[in-house]
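Peer 1: All I have is the shape, not the residue letters:
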């Protein structure tokens with residue numbers, strides 16, 4: 001699984017003009033599922049993101065995790081994270097999981113985060129979405145469960 005993790009002061013996702021998810025301070029996670037991913041990838045990534053110490057403590061150091069600061073998470077499925085642009089000008093999507101597997105692991109990831117007590121909001125899997133955010137910092141990290 002691949003994730004783009006952004007620390008935000010607020011974020012939202014809309015589908016067909018309707019807000020499907022909105023958060024205040026927390027993390028926006030753009031999540032892509034690889035064809036070789038399993039439930040172990042979802043578990044590793046969920047635990048890693050929830051416990052990343054990227055929020056400032058009283059001394060101004062990045063030393064607090066999402067649960068430490070009471071933030072929320074907005075998760076948006078994004079298969080384009082698996083685009084391979086090494087050849088030509090049109091990305092190859094051959095690394096992306098088929099929709100059935102991707103949907104299952106996307107929902108598994110959400111459930112694993114929720115079980116850790118994090119307030120979670122989502123986009124709509126497979127839909128065309130508009131995502132808006134205010135990146136706080138800016139802080140943006142790239143995570144890949146295949147590079148752990």
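Peer 2: Yep, that arrived. Since we're looking at a predicted model, the values are computed, not measured. Numbering: from 1, shown residues only.

Peer 1: Show the backbone phi and psi for residue 79.
Peer 2: Dihedral pair for residue 79: phi -60, psi -20, per degrees, to the nearest 10.

Peer 1: and the residue nearest to it when sequence neighbours are not counted, how many neighbours?
Peer 2: Of all residues not flanking residue 79 in the chain, residue 96 sits nearest, at 4.6 Å (CB to CB, 6 or more residues apart in numbering). Any C-beta I mention is one placed from the backbone N, CA and C, and that applies to glycine too. By the criterion of other CB atoms under 10 Å, residue 96 has 21 neighbours.

Peer 1: pLDDT at residue 96, what is it?
Peer 2: pLDDT, residue 96: 96.

Peer 1: Likewise for residue 132?
Peer 2: 98.

Peer 1: I figured it hits residue 11, correct?
Peer 2: Yes - in terms of CB atoms under 8 Å, residue 132 counts as a neighbour of residue 11; the distance is 6.8 Å.

Peer 1: Comparing these two, which residue is more hemmed in?
Peer 2: Neighbour totals were compared for residue 132 and residue 11, and residue 11 leads with 26 against 13 (other CB under 10 Å).

Peer 1: residues of the longest helix along the chain that come out buried?
Peer 2: Determined from DSSP state H, the single longest helix within the chain is helix 99-115. Buried residues in helix 99-115, counting neighbours by 16 or more other CB atoms under 10 Å, are found at 101, 102, 104, 105, 106, 108, 109, 110, 112, 113.

Peer 1: for stretch 61-68, same thing?
Peer 2: Per 16+ other CB under 10 Å, stretch 61-68 contains these buried residues: 64, 65, 66.
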